[in-house]
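**Student:** Sequence plus the predicted model coming up.
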Amino acid sequence: MTPHGGSVQCRKHQVVRHRIGAPVGSVGYPAAVPARSPDLGRLLGAVNDQRAALGEAPFRGLLTERTLGAASLLAVTAAAATGTEPLRPALRAAVRYTLGLLAERAPGRSVEVRVPPLAAVQCVPGPRHTRGTPPNVVETDPGTWLDLATGRLTWAAAVTGGRVYASGQRADLSAYLPVVSEGPGSPDTAYT
């Protein structure tokens, strides 16, 4: 204990003081959680593995999170079109990419969209939740989510068919879907 009522900890030659009642961002408290940085090598590997499984050439586009996400979506869509089950890393990349596009299109934190076990995102303007289960939840499987995100399935058909669980007043995503346009395009072009 220090005279101020806090504790002192050593972390690799750095002394950090934790002060009781100190504001967030002061000494000993992080200002914010750092943003997740993508592993572009892993994303590229997922895209190329899926493309190889389809007999296609490796991806040669611009190496950014957005272009690799779009490329993974194209590869997963092509696999589904041939009746082949998509590889899990490419499927994860495609789901995360499309959920990211949804969060861009509908910024906010009032609805949590879950695609277990691959990803989840908070979106849609309105009051945000901070603890526990959010009042507005949308949950579906990866295949259904990608069908919704690309417009191959409408929101009404998914809800009516029981392919989407949606609860809460703001859980209707029909105004924000699809998040990508299906059709001819280059994987190094982000679809919006």
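**Tutor:** Thanks, I have it.

**Student:** Can you pull out the residues in contact with stretch 99-116?
**Tutor:** Contacts to stretch 99-116, defined as CB atoms under 8 Å, 6 or more residues apart in numbering, come from residues 69, 95, 119-129, 134-142, 145, 149, 168, 170-171, 173, 175-177, 179-180, 192. Just so you know, the C-beta spots here come from the backbone N, C-alpha and C atoms, and that holds for glycine as well.

**Student:** Lowest-scoring secondary structure element of this structure by mean pLDDT?
**Tutor:** Lowest mean confidence among the helices and strands of the chain (mean pLDDT, DSSP states H and E): strand 14-18, at a mean of 40.

**Student:** and after that one, which helix or strand comes next?
**Tutor:** Following strand 14-18 in sequence order, the next helix or strand is helix 40-53 (DSSP states H and E).

**Student:** Which strand or helix spans the residue positioned nearest the centre of the chain?
**Tutor:** By CA atoms, centre = their mean, the mean C-alpha position of the chain lies nearest to Arg96, the distance being 3.4 Å. Secondary structure from DSSP H and E places Arg96 in helix 88-105.

**Student:** buried ones in that helix?
**Tutor:** For helix 88-105, burial by neighbour count (16 or more other CB atoms under 10 Å) applies to 89-103, 105.

**Student:** Same question for stretch 130-148.
**Tutor:** Going by neighbour count (16+ other CB under 10 Å), the buried part of stretch 130-148 is 134-140, 142-148.

**Student:** Now, these that are in strands?
**Tutor:** Counted as lying in strands by DSSP state E, out of the buried residues of stretch 130-148, are Val137, Val138, Glu139, Thr140.

**Student:** Tell me if I'm right that the last one and Val159 touch.
**Tutor:** No. In this structure, Thr140 is not within contact of Val159 by CB atoms under 8 Å, at 9.8 Å.
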